[in-house]
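Colleague: Prediction below, plus the sequence it came from.
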Amino acid sequence: MIHTSALYTRKEVCTLVNSMTRTAFQRILFLLLTFIISNQDFAQVKTLRAKIIDIHSEEVVPFASVQFYKTKYAKLSDSAGNFQFILDKWPSDSLLISYAGFEDNYLHIDTSLSTITLIIKMERKKNVKEVVVKSKLGRGLLLWRKIIKNKPVNDRGRFNNYSYELYNKLEIDLNNVNVEKMQKGILPPKPFKFILNNVDTTSEEAPILPIYLVETISDYFKQTNPYKTREIIKASKTIGFNNESFSRLTGGMYQNINVYKNFIPIFQREYVSPISDDGDTYYHYKVPDTQFIAGKRYFHLVFTPKRSGENTFQGDAWIADSSFAVQKMNLLVSPGSNINFVDKLSLVQEYQLVNDSIWFLAKDKFIANINLTSNKNLSIIGKKTTYYKNVVINSDSLPSTFDNNIVNDARREVIEVKEGANVKTDSFWVENRHQALDRNESNFYKMADSILKMPQYISYREWMYFIGTGYRYLGNYEIGPWMNWISSNQYEGFRARFDLATNYHFNKNIYLGSYLAYGTKDRKIKGKAEVLYMIGKNPRSSVRFTFKNDMDYGQTYYDEIGYDNLFAMIFRKTQVPLKLIKIKQTKIEYFKEWKSGLSFTANIWNKKYTPIQNLPTAADMASLPLGGNFQDFQINLKIRFAYLEKFLQDDFFRRSLGSDYPVIELQYTKGIKGVFNSSYNYSKLTFSISDYIKIPPAGNVYYNAYAGKIYGTLPYMLLSMAPGNEIYYYNKYAFNTMNRFEYLFDTYAGMNIEHNFGSGIFRLIPQNKKLKFRQFWNAKLLWGGLSQANRDLNMKSFSNFTTLDNKTFMEIGTGVDNIFRFFRIDLTWRVFPRPLPVEAYKKFGVFGSFRFTF
């Protein structure tokens, strides 16, 4: 050991230490400055990261070309739509993004930034004429032919059976929400202002606000031969209104989109699939490039319609090599398509590999922008996204799933909602969703818990419902429909009516309904009271008691206006004498339905008829056999079969959404003399069959064929009367050039048919891309006769009745539908029997109607 004290003095040691310290400090300072300078150099590196998506469907755009404008710096986005540039300096302040079938996107970037992160939105081309086919047999057409050739082995319909877990999410958003205007008072009550905190304003062009959200998780099973499907809805969560029938409709049973089918249903219309067997008649095809994803080769197929105004799509698809199966297809309804209120409509269907060789569904997506006015105003975006997982194909154990179906359920399609499906916890949804909610959806769930309980919201919602449907809830009761509160006729004068009924808050199984009416001219009170008791709701069974003392306005269907209505007062044919008959009726009815679609109705009624105006009275017919006592007692039995009919229903009433199969009805009526002073013995037998048939691409056809026979001698009101129409509002169930009580029958047969073409001949008019007129034709035929006994009783000098004498009545019509999106004009001609009547309004008529349809 060397001791410093032996070599240096204390002063020398201090000097040496100070010198070493300065040298070390200088070295550290030098290193620090070098590090800072190197970091300054590193900070000059420029980074751009981005994802490219479709502006409407929000699906990624893979393999898009990205270039700094007018430079050599370019690359492709990856299969997930992502790309990244790392550069020493920005080559340009603009990006050019291009992709087949999309508009080129020129994007300015802020070159003062070192790191930029973007979401780039691409819009599909609107000009469908840009595709030029130079040869009759290009690469696109060759690829399409190979897809068609392999459809039988790629369509999931080829499997004996399959099953999967299904997650559905339906969302409705308000689009183009102007927060500034709403803050100034457009949003009605002030307590709603906090909703605006949940508006997504990340896009300045179109801020959105979620207003409705429903999620469903279910197990779905399908067997091909014999055809059977079963869906078990395990969980359902709704923010908006909670209705089990609606939950059923948002499940997987009604997922009808299959790009391998020749036609794809869109809002009750059939659109030609790009890989339809006749696709080359409707589409141009091209293959701009091929790509490798995970070592597998895919062809990029782009398709555009050959003609505008047809029910077609534009879009693209990725096709797997060798198998020529669809890996993903993006569809956008072609501009100029004749569909109402829809600015844009996109469909996406994506497939996944199962068992390393089978392409099976992975995701469906449906997005529609709905706008009732113009593009600049508030609109609605509807989104439905479906995910599929746990796919099992051709399982030997799956048929046992159908063997364990609900006992005595003969349906081929069964939907079950598990008990407790609507009360799952938030933690359950977090764990079981196939995809997490985005920020807007999560905020909406939090917001909805507060808003749905607000008295202001409940009041606002119910007033909107009252205006739209005519009914208004007031606690345990409801009033309406308001359109029946005011009407007028020659006998009653000004007629005021008020309806009052209970709702499900009063009792979930008992409905009490009533109305009172008063005429200022006849000064008499009329009314109706009924009691409905629901025995069962799935399937339905009920008992109903009704008492009515009012004018008989004939049968009124849910989608037509009746004579006891504000609008009938406006549209009535003034040259037709008003015919009124008053009834006093007591009726008891039992209804029973089975899940097979079969239903049975039995009712007993006692009815007294009192002719009031322009009809033979009891005094007129008093001297005739069986005349003068218009008292009837009858028993009715009706069987109806509507297989797989769908309904939108509440606790007491429901509205049919139709069936894909014919609806058949058979009814037998027995009149019994001597019961409650009844004077008539007779029997009636009636039969009808109706159907709504889609015949793409030629539109759809509705028909109703019917026949009936009466055994007995009866006064006119108990015979069959052809349904006439005495107002200028078109009635599709009636003969519009015929008056009420014009023809009497005891034997009859007839048929109504209507064919809606869609655009039809209006497709030839360029302006129809905006007008969206639609063409149709219809014909109504009736054959009938009257026995001699019934002639002798009813065909007297005091009556104006007639009969067809076994001849045919026929009227035909055509016109223009979808005028201003709501109105329809019918031109109707009476063709038979000859000679035609002298009254002009019985030969030809112009009728109007309105409806809401896509």
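Modeller: Yes, it's here.
Colleague: use CA for all of it now, contacts and neighbours both
Modeller: Will do.
Colleague: Looks to me like G468 is in a strand.
Modeller: No: secondary structure assignment places G468 outside any strand; it is helix (DSSP: H, G, I helix; E, B strand; the rest coil).
Colleague: Can we start the residue count at 48 from this point?
Modeller: All right, first residue 48 from here; so that's G515.
Colleague: And it, how far from I428?
Modeller: With distances taken as C-alpha to C-alpha, to the nearest Å, G515 is found 20 Å from I428.
Colleague: more neighbours, the two?
Modeller: Regarding G515 and I428, a neighbour count based on other C-alpha atoms under 10 Å identifies I428 as having more, with 23 against 10.
Colleague: Surely that one and I417 touch.
Modeller: Yes: using C-alpha atoms under 8 Å, I428 is in contact with I417, at 6.1 Å.
Colleague: Show me whatever sits in contact with both of these two.
Modeller: With contacts taken as C-alpha atoms under 8 Å, 6 or more residues apart in numbering, I428 and I417 have no neighbour in common.
Colleague: Can you list the neighbours in contact with stretch 95-110?
Modeller: When contacts are defined by C-alpha under 8 Å, 6+ apart, stretch 95-110 is touched by residues 111, 123-133, 146, 162-171, 338, 391, 393-395, 412-414.
Colleague: rerun at 7 Å
Modeller: For stretch 95-110, the surrounding residues in contact (C-alpha atoms under 7 Å, 6 or more residues apart in numbering) are 123-133, 162-170, 393, 414.
Colleague: How far off centre is stretch 369-389?
Modeller: Between the centre of stretch 369-389 and the centre of its host chain there is 18 Å, according to C-alpha atoms, centre = their mean, to the nearest Å.
Colleague: quick one: the helices in this structure?
Modeller: 51-54, 57-90, 186-201, 226-228, 291-296, 326-329, 446-450, 473-479, 486-498, 502-516, 613-618, 815-818, 835-841, 887-890 (DSSP state H).
Colleague: So what touches stretch 621-639?
Modeller: Contacts made with stretch 621-639 from outside it, assessed by C-alpha under 7 Å, 6+ apart, are listed as 587-599, 646-662, 773.
Colleague: Going through the residues you listed, which ones are buried?
Modeller: With burial judged by 16 or more other C-alpha atoms under 10 Å, the buried subset of the contacts of stretch 621-639 is 588-599, 646-658, 662, 773.
Colleague: Please flag which of those sit within strands.
Modeller: 588-598, 646-658 (DSSP state E).
Colleague: Provide a list of residue ranges in the stretch 248-397 of the chain with pLDDT below threshold.
Modeller: 248-257, 287-303 (pLDDT under 70).
Colleague: Kindly recompute the last result at 90.
Modeller: Judged against pLDDT under 90, the low-scoring parts of the stretch 248-397 of the chain cover residues 248-262, 270-278, 284-305, 312-317, 336, 338-343, 354-358, 369, 381-392.
Colleague: now I740, which residues is it bridged with?
Modeller: In this structure, I740 bridges to V748 when assessed by DSSP bridges.
Colleague: right, and it touches V748 too?
Modeller: Yes: because the distance of 5.1 Å satisfies C-alpha atoms under 7 Å, I740 is recorded as touching V748.
Colleague: Now do the same contact list for the residue most central in space within the chain.
Modeller: Computing the C-alpha centroid of the chain and ranking residues by C-alpha atoms, centre = their mean puts F314 first, at 5.8 Å. By C-alpha under 7 Å, 6+ apart, the contact list for F314 reads F901.
Colleague: Now do it against L732, distance only.
Modeller: Distance check for F314 against L732: by C-alpha to C-alpha, it reads 38 Å.
Colleague: can you check L829 too?
Modeller: Applying C-alpha to C-alpha, the value for L829 to L732 is 17 Å.
Colleague: So between the two, which is more surrounded?
Modeller: L829 (22 against 18).
Colleague: number of nearby residues for T263?
Modeller: T263: 25 surrounding residues under other C-alpha under 10 Å.
Colleague: In PDB, list the C-alpha atoms belonging to stretch 325-344.
Modeller: Extracted C-alpha coordinates of stretch 325-344, given in PDB (Å, rounded to 0.1, in the frame of the first residue of the first chain):
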ATOM      1  CA  ASP A 325     -77.100 -14.600 -64.300                       C
ATOM      2  CA  GLY A 326     -74.700 -12.100 -62.900                       C
ATOM      3  CA  ASP A 327     -73.000 -11.400 -66.200                       C
ATOM      4  CA  THR A 328     -76.300 -10.000 -67.400                       C
ATOM      5  CA  TYR A 329     -76.300  -7.300 -64.800                       C
ATOM      6  CA  TYR A 330     -72.600  -6.700 -63.900                       C
ATOM      7  CA  HIS A 331     -69.200  -5.800 -65.300                       C
ATOM      8  CA  TYR A 332     -66.300  -7.600 -63.600                       C
ATOM      9  CA  LYS A 333     -62.600  -6.900 -63.400                       C
ATOM     10  CA  VAL A 334     -59.600  -8.200 -61.400                       C
ATOM     11  CA  PRO A 335     -57.300  -5.300 -60.600                       C
ATOM     12  CA  ASP A 336     -54.800  -7.400 -58.500                       C
ATOM     13  CA  THR A 337     -54.000 -10.500 -56.500                       C
ATOM     14  CA  GLN A 338     -52.500 -10.600 -53.000                       C
ATOM     15  CA  PHE A 339     -51.100 -13.200 -50.600                       C
ATOM     16  CA  ILE A 340     -52.400 -13.300 -47.000                       C
ATOM     17  CA  ALA A 341     -50.800 -15.700 -44.600                       C
ATOM     18  CA  GLY A 342     -49.300 -17.500 -47.500                       C
ATOM     19  CA  LYS A 343     -52.600 -17.900 -49.300                       C
ATOM     20  CA  ARG A 344     -53.400 -16.300 -52.600                       C
END
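Colleague: Please spell out which residues along it are buried.
Modeller: When neighbours are counted by 16+ other C-alpha under 10 Å, the buried residues of stretch 325-344 are found to be 326-327, 329-334, 338.
Colleague: Just give me the closest of the residues you listed to Q361.
Modeller: When the buried residues of stretch 325-344 are ranked by distance to Q361 (C-alpha to C-alpha), Y330 comes first, at 8.6 Å.
Colleague: Not counting its neighbours along the chain, what's nearest the closest one?
Modeller: If you skip the residues right next to it in sequence, Y330 has P352 as its closest partner in space, 4.4 Å away by C-alpha to C-alpha, 6 or more residues apart in numbering.
Colleague: I figured that neighbour hits Y332, correct?
Modeller: No: here P352 lies out of contact with Y332, judged by C-alpha under 7 Å, at a distance of 9.0 Å.
Colleague: circling back: residue contacts, the residue nearest to Y330?
Modeller: Shown in contact with P352 (C-alpha under 7 Å, 6+ apart): 175, 329-331, 359-361.
Colleague: distance of it from G429?
Modeller: For P352, the distance to G429 equals 25 Å [C-alpha to C-alpha].
Colleague: before we move on, the earlier item: quick check: the gap between the residue nearest to Y330 and G148.
Modeller: In this view, P352 and G148 are 12 Å apart by C-alpha to C-alpha.
Colleague: Let me see the mean pLDDT of stretch 884-897.
Modeller: In this model, stretch 884-897 carries a mean pLDDT of 84.
Colleague: got the contact list for that stretch?
Modeller: Counting by C-alpha under 7 Å, 6+ apart, the neighbours of stretch 884-897 from elsewhere in the structure are 775-777, 784-785, 869-877, 883.
Colleague: No more questions from me, cheers.
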